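**Q** Need the 3D shape of this:
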Amino acid sequence: VFQAYLDENVFGEKGKQVPNAGLQLSFVGTLGLCFEHSMAPLSEVIRSTRGAKTVLFVGTILIFGGLTVASFAKEIWHLYLSQSILFGTGTSFLFSTIQTVIPHYFPRNPGLVLGGIASGASVGSLLIPLLATMINDKLGIQWTYRILGCANLIIDILACMIIKDHSHNTNIRSEEKSSKSTMIRLDVFKNKNYCIWCLSAFIQVAAYFIPLFIIPSYAAYTGLSDSKGASLVSIISAAAFVGRISAGFIADRIGPVNISIIFTSIAGLSCLVIWPFSFTYSTLIGFAVVFGLTSGAYYSLGSPIAASILKTEQFSSGVTITLLIVGISVFGPSLASAIDTAGVSDEPYFTFKMFTGTVTIISAVITIWLKFSMKHSILAKV
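**A** Residues are numbered from 1 along each chain as shown. Predicted structure coming up:
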């Protein structure tokens, strides 16, 4: 929503006519995603010394400040500083803290709880573009940023008031204060299973974002309207809401690694079997539903899988480092685009379909390797 409006009316043909404005604006979202994942270690350092509430409060201020400053942007690089760096860092602080703190309160059903939390992002992806469009049409892009900033401020302050460190985390934190080296425990890399999981997560997320970026333009290529192309992204988000909760719920019963294998395999197959033959709106809806239901399993299962692999005192560092590693994989769409530009296939978008499906299946195979590394039985609950 923001990129399209800014490209057309502010920095594009109807505005300042900045050269390659669309390309420059596309990096606002990519850079933001990178910061959303990669700032988790800084979040963990602050949480280790000052507690979860401090991290949440700082994250809230950064989100509010980032959106507010973005409303005054006059140049594209202003958006890099505000919407990408400030907002992205604030989002990282909130997300990584919740991922490490919440599971300690629900030891019996961590998958379901984290699935519910992850599904909240899907609801946001579904509703915020609609709300932003309505506000933008009536008040303009500047007030859209400001109103969303104020809404985030109110909601996030409530989170700051409710969430606190678990008593066990508090004890660990007091020990960590005496040694900075324990803020981020690099000894997690001595655990072979953790390294396998990081590799699987990295590859899985690298493929996850590709359909989200490509589907609108692919829909236009098949002759569909822009509104139908945008609706497909909303359908993926709506399906992800159900899929992430379902993944967490089932994972508590058969194991997070097992359900990750199942969901990731289905997501990969949908890209290889359904997407290549989807040239109508109805078939694209079918692909969007299947992919949306199964592709976001990492966001529900990442923390439960880390908990099943690592010692309790390593858990928060393990989740933090995984988020940092996954942050690099947000450039997956750029890699797929580079391969497509190289002319691997004459059929438009075929490279994106094959790359997404193949990479996702590879992630599932690596997760199978993780399963048998943890338990040698195919029926084991892991």
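**Q** May I see the buried residues of the helix or strand where residue 247 lies?
**A** Assessed by DSSP states H and E, residue 247 sits inside helix 226-254. Going by neighbour count (16 or more other C-beta atoms under 10 Å), the buried part of helix 226-254 is 228-241, 243-252. Where you see a C-beta, it was placed from the backbone N, CA and C, and this is true even at glycine.
**Q** Backbone dihedrals for the residue nearest to residue 76 when sequence neighbours are not counted, please?
**A** Nearest non-adjacent residue to residue 76, counting by C-beta to C-beta, 6 or more residues apart in numbering: residue 24, 4.8 Å away. Main-chain dihedrals, residue 24, degrees, to the nearest 10: phi -60, psi -40.
**Q** So for residue 24, what's the pLDDT?
**A** With respect to pLDDT, residue 24 scores 83.
**Q** can you pull the contacts of it?
**A** Taking C-beta atoms under 8 Å, 6 or more residues apart in numbering, we find residue 24 in contact with 11, 18, 76.
**Q** cool, and residue 299?
**A** Applying C-beta under 8 Å, 6+ apart, the residues contacting residue 299 are 118, 121, 244.
**Q** right, and residue 68 touches residue 146 too?
**A** Yes - the criterion here is C-beta atoms under 8 Å, and residue 68 meets it with residue 146 at 6.0 Å.
**Q** so residue 221 makes contact with residue 352?
**A** No - contact criterion C-beta under 8 Å: residue 221 and residue 352 do not qualify, at 10.9 Å.
**Q** on that earlier part again, sort the contacts of residue 24 by pLDDT and name the bottom one.
**A** residue 18 (76).
**Q** Can you classify it as helix, strand or coil?
**A** When classified by DSSP: H, G, I helix; E, B strand; the rest coil, residue 18 comes out as coil.
**Q** What's the separation between the closest residue to it other than its chain neighbours and residue 77?
**A** Leaving out its chain neighbours, the residue that sits closest to residue 18 by C-beta to C-beta, 6+ apart is residue 11, at 4.4 Å. Using C-beta to C-beta, to the nearest Å, we find residue 11 at a distance of 11 Å from residue 77.
**Q** before we move on, back to that, pLDDT averaged over the helix or strand just after the helix holding residue 247 - what is it?
**A** Following helix 226-254 in sequence order, the next helix or strand is helix 256-269 (DSSP H and E). For helix 256-269, mean pLDDT rounds to 97.
**Q** what helices or strands is helix 256-269 leaning on?
**A** Counting contacts by 3 or more C-beta pairs under 8 Å, 6 or more residues apart in numbering; DSSP states H and E, helix 256-269 packs against helix 192-221, helix 226-254, helix 281-295, helix 297-309, helix 350-374.
**Q** which residues touch the closest residue in space to residue 355 that isn't next to it in sequence?
**A** Spatially, and ignoring its direct neighbours in sequence, residue 355 is nearest to residue 336 (4.6 Å; C-beta to C-beta, 6+ apart). By C-beta under 8 Å, 6+ apart, the contact set of residue 336 is 210, 351-352, 355-356.
**Q** Write a ChimeraX command that selects only the buried members of the residues you listed.
**A** Buried members of those, defined by 16+ other C-beta under 10 Å, are picked up in ChimeraX with:
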select :210,351,352,355,356
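**Q** closest to residue 267 among the contacts of residue 336?
**A** Nearest to residue 267, judged by C-beta to C-beta, of these is residue 356 at 8.8 Å.
**Q** Isn't the closest one up against residue 210?
**A** Yes - with contact defined as C-beta under 8 Å, residue 356 reaches residue 210; the gap is 4.6 Å.
**Q** follow-up on the earlier one: the more surrounded of residue 11 and residue 77?
**A** Using other C-beta atoms under 10 Å as the criterion, residue 11 and residue 77 rank with residue 11 on top: 23 against 12.
**Q** got a list of what that one touches?
**A** Residue 11 sits in contact with 17-18, 21, 24-25, 76, where contact means C-beta under 8 Å, 6+ apart.
**Q** where does the stretch 201-350 of the chain dip in pLDDT?
**A** Of all residues in the stretch 201-350 of the chain, none has pLDDT under 70.
**Q** just to revisit the earlier point, of the contacts of residue 24, closest to residue 372?
**A** Comparing those against residue 372 with C-beta to C-beta picks out residue 76 as the nearest, at 48.5 Å.
**Q** Near that closest one, how many other residues are there?
**A** If we define neighbours as other C-beta under 10 Å, then residue 76 has 18 of them.
**Q** My understanding was that it contacts residue 26; is that so?
**A** No - applying C-beta under 8 Å, one finds residue 76 not in contact with residue 26, separated by 10.5 Å.
**Q** sec struct for residue 72, please.
**A** For residue 72, the secondary-structure state derived from three-state DSSP is coil.
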